[in-house]
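Trainee: Sequence plus predicted model, see below.
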Number of protein chains: 4
Amino acid sequence: MSIQTAPDKRSRILEAATTVFANTGFHASRVQDIAEQAGVAKGTIYLYFRNKEEILLSIFQSYFDALLDLIDSFQQAQMTAEQIIDALVQQQVKNAIVNPKILQLLGRRPLPAETAGGGRIEAYHRHVLDRLSSFLAEGIRLGQVRSFTPRIGANILYSIILSIPQHLAFYPEDSLERSFPKLVEEVACFAWAGVRKEES
Amino acid sequence: MSIQTAPDKRSRILEAATTVFANTGFHASRVQDIAEQAGVAKGTIYLYFRNKEEILLSIFQSYFDALLDLIDSFQQAQMTAEQIIDALVQQQVKNAIVNPKILQLLGRRPLPAETAGGGRIEAYHRHVLDRLSSFLAEGIRLGQVRSFTPRIGANILYSIILSIPQHLAFYPEDSLERSFPKLVEEVACFAWAGVRKEES
Amino acid sequence: MSIQTAPDKRSRILEAATTVFANTGFHASRVQDIAEQAGVAKGTIYLYFRNKEEILLSIFQSYFDALLDLIDSFQQAQMTAEQIIDALVQQQVKNAIVNPKILQLLGRRPLPAETAGGGRIEAYHRHVLDRLSSFLAEGIRLGQVRSFTPRIGANILYSIILSIPQHLAFYPEDSLERSFPKLVEEVACFAWAGVRKEES
Amino acid sequence: MSIQTAPDKRSRILEAATTVFANTGFHASRVQDIAEQAGVAKGTIYLYFRNKEEILLSIFQSYFDALLDLIDSFQQAQMTAEQIIDALVQQQVKNAIVNPKILQLLGRRPLPAETAGGGRIEAYHRHVLDRLSSFLAEGIRLGQVRSFTPRIGANILYSIILSIPQHLAFYPEDSLERSFPKLVEEVACFAWAGVRKEES
DNA sequence: AATGAATGAGCTTTCATTCAT
DNA sequence: CATGAATGAAAGCTCATTCAT
């Protein structure tokens, strides 16, 4: 029926949900809205997701899976802490420009009490923080990184990464293509400056 | 009725709402819960607040009013950028330990579209960012601060500040009194390192 | 506001629900119907009952409470088995004429699997059966009643009682006032004949 | 696909539905459940039945057809009222032990208003009652049966029959094989005692 | 004939808000 | 001022039924 590429319905729903959630926020989004955006009936959504929350969790999951894969690739490539920071920032800026909505949605760490998905989102964040902590600890060991508490540094680094989409939402002028390298460079520079070992 | 000091009812409700919101999140909190926590009847709340959202906005307002006052005091005291960062971090860590719940609640920047209060929260964040930008611009002018785009630096700085309560939620062990100075020192050091002008 | 007697709202809802359930059956009755019948808003119902099922259970409860009270009174009055049967039949016919709808509703024993209210209805029936069994056992001991398994006799007796409203639903002509004594007499006679000890 | 005898699909569905309905009750049973139990696809069911209700009606129909056939056989065999009662009770006890679930399902007379199948079930019950009435009237004419209103006696007799599965559900110990003759004997005796003409 | 993905009407229930007392 | 019973809009979710394959 559709001449367009017809990606599987589950993806269509996820895409639609991302748009709707990002535009309206999770709570204000009605399942009906997602259905309309996806061009399917309300009931169809429940063939692919147990409930509204599962849709949100799926979105988070894809994002975090990609992020954790990226981080794993750092490890395999034996990148230095500085390279890692550069790569993370670059990736995040890129994502934030391509998918501003979803990144804004994802950047919000949940309240501990809003145990969305029984704490699954919190668990994802914790994974990322753990990996970042490891990198920093390794960097300290190798003398690339200033000596500080890794988990504190990791949290700050992570916040900086997550703030990028927020920044672009506040200052849309920085989303322009020509601003891209400058933004990446400045953010990465800031982050690295906070981390690196002073050269004596 | 109460022999105790009876702070005006509005404050009681605000305090109660802060507790309830922080424990359960805004959407999952029922007005009835707030009323019970405050020891008033549900209807009474509507004598002091137009609706549930207004309560949240009032909480935000107090927080931001205090924060902006604090920032104003920096200006009056003609503090250097480094001192400002120190003071901000110290204040935030202090608050986060005293009122962990509310700070976590407040630290979440809204989605642009969740026009809570018609964008009033966004406006508050923008105020803070503007002031921080000014400080950084001034610092650049004075040669204390590395030369970068102030609004970018301000956003990063602000994210770092806002991440503190999240950090403490993830790592409760850092909330202990004896961890306090170390946490302040490390965060401030990180932030300042990202900002300061390299000594040639 | 209302000039009529204003029985407490809970009762109004129960009465309305009885009518609606009896007319339409439990499953086909919408809460909205009950609300309309009771002249209250849908939400009001949930101030008095946890959910739709609780309404049904309340109806059952009142009926069974009255029935069990009646049965208790038999015991206190030291009535003979024959008198008890007479009284039960008479009461049931009376009720079935006054409240045909509710009695038809109540006469349906639930499927074991439809554990409405977690088996509370089944428990009520069991109570009644237990009492009837006791009476029969006592009657056997006293030589008034033929010697048979009390629980079997009790079940039959109970079925006869419960069949009365069904009978009147099938044969409305027997609901006429003048038919009343005849119906009572015939049913009681049948039941007693099945129970009594043959005079040798 | 199946090597086993493949009884026609319609029967398979009916059997499955009987199981499912009996286990869960009509309303709580999903068409999907029936399909799974029958090992067919949901859509297939609609090739054989107009809708879910039609399945239930078919089940009732088979039961009543058999019952009415049985009753017809009484007439042809010129059985006395006592023999008829004996036979009915015996058949019902037998059925109730073999198919306890379905009999419990069937034993529930519908609310007049639950016009299941537009009153078709009610019509079946009415058929049975009419036949029983005839037998009793004939028995009265022949002097075997006490003189009473046939339709009243028929209703009571029918209730007794229908109560048997309920009894067995309440007292599973009476379903044991060795209890069988006693149960039949006691129920039939009770019923016959209510009916028979007193010997002067 | 058989399938099962898709549909959407319709249900129960919640809870912010109102207002008569 | 304070109350809390009453309201009813609104939303998530189910499942009987359809129909393209």
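Mentor: That came in fine, so what should we check first?
Trainee: After the helix ranked longest in chain A, which helix or strand is next?
Mentor: Assignment by DSSP state H gives helix A:52-77 as the longest helix of chain A. Per DSSP states H and E, the first helix or strand lying C-terminal to helix A:52-77 is helix A:81-98.
Trainee: Against which helices or strands is that next one packed?
Mentor: Contact here means 3 or more C-beta pairs under 8 Å, 6 or more residues apart in numbering or on different chains; DSSP states H and E; on that basis helix A:81-98 packs against helix A:52-77, helix A:100-107, helix A:120-141, helix A:150-170, helix A:180-195. In this view, the C-beta of every residue, glycine as well, is placed from N, C-alpha and C.
Trainee: Pick the most deeply packed of the ones you listed.
Mentor: Stretch with highest mean neighbour count among the helices and strands packed on helix A:81-98: helix A:150-170 (a mean of 24; mean count of other C-beta atoms under 10 Å in any protein chain shown).
Trainee: quick revisit: could I get the helices and strands packed on helix A:81-98 in JSON lines, plus columns for distance to B:Ala87 and mean pLDDT?
Mentor: Formatted as JSON lines, these follow (distance: least, C-beta to C-beta, whole Å; pLDDT from 0 to 100):
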{"stretch": "helix A:52-77", "distance to B:Ala87": "34", "mean pLDDT": "93"}
{"stretch": "helix A:100-107", "distance to B:Ala87": "26", "mean pLDDT": "79"}
{"stretch": "helix A:120-141", "distance to B:Ala87": "26", "mean pLDDT": "92"}
{"stretch": "helix A:150-170", "distance to B:Ala87": "18", "mean pLDDT": "94"}
{"stretch": "helix A:180-195", "distance to B:Ala87": "18", "mean pLDDT": "94"}
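Trainee: And the ones you listed: which comes nearest D:Gln32?
Mentor: Closest approach to D:Gln32 among the helices and strands packed on helix A:81-98 is made by helix A:52-77 (20.3 Å; C-beta to C-beta).
Trainee: That closest one packs against which elements?
Mentor: Judged by 3+ C-beta pairs under 8 Å, 6+ apart, the packing partners of helix A:52-77 are helix A:9-24, helix A:81-98, helix A:100-107, helix A:120-141.
Trainee: where's the closest residue to chain D within chain A, which helix or strand?
Mentor: Residue nearest to chain D within chain A (C-beta to the nearest C-beta): A:Leu47, separated by 12.4 Å. Assessed by DSSP H and E, A:Leu47 sits inside helix A:42-48.
Trainee: Could you tell me which residues within that helix count as buried?
Mentor: Residues A:Ile45, A:Tyr48 are the ones in helix A:42-48 that count as buried (16 or more other C-beta atoms under 10 Å in any protein chain shown).
Trainee: contacting residues around that helix?
Mentor: If you take C-beta atoms under 8 Å, 6 or more residues apart in numbering or on different chains as the criterion, helix A:42-48 is touched by A:Lys9, A:Arg10, A:Ile13, A:Val31, A:Gln32, A:Ile34, A:Ala35, A:Ala38, A:Ile55.
Trainee: In terms of residue numbering, what are the domains of chain A?
Mentor: A:1-49, A:60-195 (automatic domain parsing).
Trainee: Tabulate the ones you listed (a markdown table), appending distance to B:Val187.
Mentor: As requested, these are exported to a markdown table (distance: least, C-beta to C-beta, whole Å):
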| stretch | distance to B:Val187 |
| --- | --- |
| domain A:1-49 | 30 |
| domain A:60-195 | 7 |
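Trainee: Of those, which is nearest D:Phe180?
Mentor: domain A:1-49 (49.0 Å).
Trainee: With distance to DNA strand F added, can I get the domains of chain A in JSON lines?
Mentor: Output for the domains of chain A, formatted as JSON lines (distance: least, C-beta to the nearest atom of the strand, whole Å):
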{"stretch": "domain A:1-49", "distance to DNA strand F": "4"}
{"stretch": "domain A:60-195", "distance to DNA strand F": "12"}
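Trainee: Nearest to DNA strand E, out of those?
Mentor: With C-beta to the nearest atom of the strand as the measure, domain A:1-49 is the member of the domains of chain A nearest DNA strand E (1.7 Å).
Trainee: Report whether that closest one contacts DNA strand E.
Mentor: Yes - Domain A:1-49 comes into contact with DNA strand E (C-beta under 7 Å from any atom of the strand), by way of A:Lys9, A:Val40, A:Ala41, A:Lys42, A:Gly43, A:Thr44, A:Tyr46, A:Leu47.
Trainee: picking up where we left off before, what is the most widely separated pair among the contacts of helix A:42-48?
Mentor: Using C-beta to C-beta, the two most remote members of the contacts of helix A:42-48 are A:Arg10 and A:Gln32, lying 18.2 Å apart.
Trainee: For those two, indicate the residue with more neighbours.
Mentor: Using other C-beta atoms under 10 Å in any protein chain shown as the criterion, A:Arg10 and A:Gln32 rank with A:Arg10 on top: 15 against 12.
Trainee: which residue packs closest to that one, ignoring adjacent ones?
Mentor: Sequence neighbours aside, A:Tyr48 is the residue nearest to A:Arg10 in space, at 4.6 Å (criterion: C-beta to C-beta, 6 or more residues apart in numbering or on different chains).
Trainee: Over to A:Arg126?
Mentor: Spatial nearest neighbour of A:Arg126, chain neighbours left out: B:Phe170 (6.8 Å); criterion: C-beta to C-beta, 6+ apart.
Trainee: quick one: the one you found from A:Asn155, how far?
Mentor: Separation of B:Phe170 from A:Asn155 (C-beta to C-beta, to the nearest Å): 7 Å.
Trainee: Could you tell me which residues touch both of those two?
Mentor: Both B:Phe170 and A:Asn155 are in contact with A:Leu129, where contact means C-beta under 8 Å, 6+ apart.
Trainee: so what's A:Gln71 up against?
Mentor: To be clear, residue A:71 is Ile; Gln isn't right here. A:Leu88, A:Val128, A:Arg131, A:Leu132.
Trainee: can you do 6 Å?
Mentor: A:Arg131 (C-beta atoms under 6 Å, 6 or more residues apart in numbering or on different chains).
Trainee: repeat for A:Phe64
Mentor: Residues in contact with A:Phe64, defined by C-beta under 6 Å, 6+ apart, are A:Tyr124.
Trainee: Let's see that with 10 Å instead.
Mentor: Residues in contact with A:Phe64 (C-beta atoms under 10 Å, 6 or more residues apart in numbering or on different chains) are A:Leu106, A:Arg120, A:Ile121, A:Ala123, A:Tyr124, A:His125, A:His127, A:Val128.
Trainee: what separates it from A:Leu106, distance-wise?
Mentor: Using C-beta to C-beta, we find A:Phe64 at a distance of 8 Å from A:Leu106.
Trainee: and what of A:Lys197?
Mentor: Distance of A:Lys197 to A:Leu106, given as C-beta to C-beta: 32 Å.
Trainee: and if you look at A:Arg146?
Mentor: To A:Leu106, A:Arg146 is 29 Å away according to C-beta to C-beta.
Trainee: what sits against the closest residue to A:Ala38 other than its chain neighbours?
Mentor: Spatial nearest neighbour of A:Ala38, excluding adjacent residues (C-beta to C-beta, 6+ apart): A:Ala16 at 3.5 Å. The neighbours of A:Ala16, taking C-beta under 10 Å, 6+ apart as the test, are A:Asp33, A:Ile34, A:Ala35, A:Glu36, A:Gln37, A:Ala38, A:Gly39, A:Val40, A:Ile45, A:Ile55.
Trainee: Pretty sure A:Gln91 is one of the things A:Tyr63 touches, is it not?
Mentor: No - with contact defined as C-beta atoms under 10 Å, A:Tyr63 does not count as touching A:Gln91 (11.6 Å).
Trainee: roughly how far is the helix holding A:Leu47 from the heart of the chain?
Mentor: When distances are taken as C-alpha atoms, centre = their mean, to the nearest Å, helix A:42-48 is centred 26 Å away from the chain's centroid.
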